[in-house]
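[1] give me the fold of what follows.
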Amino acid sequence: MAPVAWSVMSAPRVVAVAPGSPAHDAGLQVGDELAAIDGSVPRDVIQYQVLVDGADPTFAVVRGGLEVEVAVAKDDGEPLGIEVHSALFDQVRTCDNHCSFCFIYQLPKGMRKSLYLKDDDYRLSFLYGNYTTLTRFTEADLERVITERLSPLNVSIHATDPGVRSELLRNRRGATSLRWLRALLDHGIEVHGQVVVCPGVNDGGVLEDTLTGVLDQYPELASVCVVPLGVSRHSNEPGMRPHTPAEAAAVLDTVSAWQATFLEVLGRRVVFAADEYHLVADRPFPPAEAYEGFAMHEDGIGMVRTFEEELRGRVEQPTGVRPGFFAWVEGAPPEGYRAERVIDPAPVAVQIGARPTAGADAGPPVARPVGVLTGAYGAQVLAPLLAELDCPEVRVIEVENRFFGGNIGVAGLLVGEDLARTLAAEPEGHRYLLPDVCLSQDLFLDGMAVADLPRAVEVLPTDGLALRQALGLDREPAGVA
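    Numbering: from 1, shown residues only. Just a heads-up that it's a prediction; the model follows:
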């Protein structure tokens with residue numbers, strides 16, 4: 001899939017057609033540009049989906065420089081059977097905040113252009129789970145969200161005090177834009193909030209005040225995730241630094257106390273701390289039931305607990321979706337990261353994103369030594385888990401993230417350069433397993449491809465079930481009837 005459209009209006013372009021689908025039977029082809037659908041020109045994939053969902057749509061198609069009309073015979077609600085190139089066909093609404101903690105500002109030079117796009121578009125929040133500050137939200141946006149029920153949305157709160165929030169966003173509209181959050185909640189839109197905690201800025205008393213504000217002003221929020229500041233070595237903000245273990249522990253204490261308050265007042269915990277806080281503070285993770293269904297799983301809330309349950313084989317399906325960093329820009333289906341692909345990528349030697357098949361045909365038994373590649377945080381979790389599961393032939397290979405540096409230790413930000421350096425020092429002939437969360441269209445964030453690595457790797461979905469199957473933990477021992 002091509003990156004999201006940047007600045008000019010473009011027609012949706014067909015990039016995949018499912019065999020036997022209504023679109024295929026009508027003659028729609030890869031490369032066709034859909035100039036209009038029943039006379040309407042969609043601005044984004046949300047409007048597009050509404051238009052193609054009806055019965056017997058007619059398309060004005062530009063093909064080879066000529067416009068042709070294609071009528072598709074289909075029932076109301078029947079899938080059309082095509083995939084288009086982008087989520088947005090008009091201009092992405094870019095962010096006009098200048099947050100000192102913004103990770104986009106901490107990227108090194110020379111990466112793909114699409115990675116530097118700093119959006120604040122509520123449509124990408126609905127489709128991909130991006131966070132919007134609402135500083136560019138308008139009455140027209142509110143009307144559309146309410147009318148089309150674009151829910152859930154994710155909103156960056158950071159602080160509920162107007163002055164503090166304005167300073168954090170470095171935008172005077174930050175002091176007033178949470179009025180849109182109140183309006184969304186008033187109209188029954190499900191909203192998840194986020195607080196990025198910057199040590200010495202919005203922790204301590206400010207965090208207490210923020211959670212007080214959530215209870216007093218926005219109690220309908222579905223959840224609020226409290227996440228730590230990520231600082232790469234490319235940051236130019238001297239006031240931004242990683243949490244110390246003591247500061248991480250203080251945040252956990254604050255969240256825990258407020259969970260008790262929310263439980264007493266609202267009957268639910270509402271606020272949750274990112275897994276990273278437990279790793280930095282060296283504290284145990286809460287039990288699975290404390291995450292209340294893992295509503296914020298994709299934001300690093302409860303990932304360790306779900307991974308543990310999956311790896312131990314206690315669940316049948318993986319929990320949540322792991323879209324990966326910047327997955328909304330390229331590599332995710334335009335209908336949103338929760339959507340299924342129309343056509344899966346053709347099988348290759350290393351099947352990107354393919355889930356191992358359970359049962360007797362799940363692949364060869366683990367006969368060779370296995371190395372599981374992951375970041376610093378993943379290594380903290382995996383090593384003791386594999387030791388408990390008695391996997392002596394499996395070792396965890398921690399990949400130091402020199403590309404971003406700082407306190408960046410998540411697997412989703414591993415890049416080819418660091419993986420190549422690490423793998424070059426590893427022996428040949430072993431099996432090397434890599435989580436797919438660090439890939440987009442077979443590319444790492446630094447532009448390297450899987451095929452460029454010095455050792456063959458097996459790319460697995462980033463969940464415990466996939467790793468369990470790859471390691472053969474579901475198989476019966478040899479000689480067992």
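
[2] what's the neighbour count on the closest residue in space to Cys198 that isn't next to it in sequence?
    In this structure, Cys198 finds its nearest non-sequential neighbour in Leu229, 4.8 Å apart by Cβ to Cβ, 6 or more residues apart in numbering. Any C-beta I mention is one placed from the backbone N, CA and C, and that applies to glycine too. Other residues near Leu229 come to 22 when the count uses other Cβ atoms under 10 Å.

[3] measure Leu229 to Met448 for me?
    Using Cβ to Cβ, to the nearest Å, Leu229 is found at 27 Å from Met448.

[4] next: Asp119.
    Distance from Asp119 to Met448, by Cβ to Cβ: 25 Å.

[5] check which residues of stretch 233-249 are buried.
    235, 240-243, 247-249 (16 or more other Cβ atoms under 10 Å).

[6] run the chain-centre distance for the host helix or strand of Ala36.
    Assigned by DSSP states H and E, Ala36 belongs to strand 33-37. Strand 33-37 sits 30 Å away from the centroid of its parent chain (Cα atoms, centre = their mean, to the nearest Å).

[7] so which bits of that strand are buried?
    Neighbour-count burial for strand 33-37 [16+ other Cβ under 10 Å]: 33-34, 36-37.

[8] return the helix or strand following that strand as PDB; C-alpha atoms alone will do.
    Where DSSP H and E defines the elements, the next helix or strand beyond strand 33-37 is helix 45-53. Backbone C-alpha positions of helix 45-53 (Å, rounded to 0.1, in the frame of the first residue of the first chain) are rendered in PDB as follows:
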ATOM      1  CA  VAL A  45     -12.000   5.800   2.900                       C
ATOM      2  CA  ILE A  46     -14.800   6.300   5.400                       C
ATOM      3  CA  GLN A  47     -17.000   8.000   2.800                       C
ATOM      4  CA  TYR A  48     -15.800   5.600   0.200                       C
ATOM      5  CA  GLN A  49     -16.900   2.600   2.300                       C
ATOM      6  CA  VAL A  50     -20.400   4.000   2.700                       C
ATOM      7  CA  LEU A  51     -20.700   4.600  -1.000                       C
ATOM      8  CA  VAL A  52     -19.500   1.100  -2.000                       C
ATOM      9  CA  ASP A  53     -21.500  -0.600   0.700                       C
END
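
[9] who are the packing partners of helix 45-53?
    strand 33-37, helix 122-128 (3 or more Cβ pairs under 8 Å, 6 or more residues apart in numbering; DSSP states H and E).

[10] so what are the sheet partners of the helix or strand just after it and their directions?
    Sequence order places strand 58-63 as the next helix or strand after helix 45-53, per DSSP H and E. Taking DSSP bridges as the criterion, strand 58-63 sits next to strand 33-37 (antiparallel), strand 66-71 (antiparallel) in its sheet.

[11] between helix 45-53 and strand 58-63, find me the angle.
    120 degrees (axes from the mean of the first three to the mean of the last three Cα atoms, to 10 degrees).

[12] give me the buried positions along strand 58-63.
    By 16+ other Cβ under 10 Å, the buried positions in strand 58-63 come out as 59-62.

[13] cool, and stretch 41-58?
    For stretch 41-58, by 16+ other Cβ under 10 Å, it's 41-42, 44-49, 51-52, 57.

[14] name the nearest of the residues you listed relative to Val15.
    Val45 (12.3 Å; Cβ to Cβ).

[15] so that closest one makes contact with His85?
    No: at 9.8 Å, Val45 does not count as touching His85 under the criterion of Cβ atoms under 8 Å.

[16] for Val62, give me its contacts.
    Val62 makes contacts with 11, 32-33, 35, as judged by Cβ atoms under 8 Å, 6 or more residues apart in numbering.

[17] roughly how far apart are the nearest residue to Gly20 once chain neighbours are set aside and Met240?
    Of all residues not flanking Gly20 in the chain, Gly81 sits nearest, at 7.8 Å (Cβ to Cβ, 6+ apart). To Met240, Gly81 is 47 Å away according to Cβ to Cβ.

[18] run through who's touching stretch 151-161.
    Here stretch 151-161 makes contact (Cβ under 8 Å, 6+ apart) with 122, 125-126, 129-134, 145, 165, 168-169, 178, 181, 184, 188-196, 202, 206, 209-210, 212-214, 217-218, 222, 224.

[19] what is the end-to-end distance of it?
    End-to-end distance for stretch 151-161: 26 Å, by Cα to Cα, to the nearest Å.

[20] in stretch 272-286, which residues are buried?
    272-281, 285-286.

[21] residue contacts, Gly464?
    Gly464 neighbours (Cβ under 8 Å, 6+ apart): 306-312, 318.

[22] and it, what's its pLDDT?
    In this model, Gly464 is scored at 93, pLDDT.

[23] give me the neighbour count for the nearest residue to it once chain neighbours are set aside.
    Leaving out its chain neighbours, the residue that sits closest to Gly464 by Cβ to Cβ, 6+ apart is Glu310, at 2.8 Å. For Glu310, the neighbour count with other Cβ under 10 Å is 20.

[24] isn't Glu310 right up against Leu460?
    No: counting by Cβ under 8 Å, Glu310 does not reach Leu460; the two are 11.9 Å apart.

[25] which residues do the two both contact?
    In contact with both Glu310 and Leu460: Leu467, using Cβ under 8 Å, 6+ apart.

[26] quote the end-to-end distance of stretch 150-158.
    Stretch 150-158 end-to-end distance (Cα to Cα) = 23 Å.

[27] equivalent analysis for stretch 233-243, please.
    15 Å.

[28] starting at the chain centroid, how far to that stretch?
    Using Cα atoms, centre = their mean, the offset of stretch 233-243 from its chain centre is 23 Å.

[29] can you list which of the contacts of Gly464 are found in strands?
    Here DSSP state E is the test, and the contacts of Gly464 give no hits in strands at all.

[30] give me the mean pLDDT for the strand holding Ala36.
    96.

[31] do stretch 145-164 as well
    Per-residue scores along stretch 145-164 average to 96.

[32] likewise stretch 256-274?
    98.

[33] narrow the contacts of Gly464 to just the buried residues.
    306-311, 318.

[34] farthest pair in these?
    In terms of Cβ to Cβ, the buried ones among the contacts of Gly464 reach their longest pairwise distance at Glu308 and Pro318, which sit 12.4 Å apart.

[35] for Val381, which non-adjacent residue is closest in space?
    Nearest to Val381 is Val304, by Cβ to Cβ, 6+ apart, at 5.3 Å.

[36] what of Pro369?
    Pro369 sits nearest to His430 (Cβ to Cβ, 6+ apart), 4.7 Å away.

[37] I'd like the next helix or strand past the helix or strand hosting Tyr432.
    Element membership of Tyr432, judged by DSSP H and E, is strand 431-435. Sequence-wise, the next helix or strand downstream of strand 431-435 (DSSP H and E) is strand 458-460.

[38] can you lay out the helices and strands packed on helix 45-53 as TSV showing distance to Pro454?
    Shown next, in TSV, are the helices and strands packed on helix 45-53 (distance: least, Cβ to Cβ, whole Å):
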stretch	distance to Pro454
strand 33-37	41
helix 122-128	33
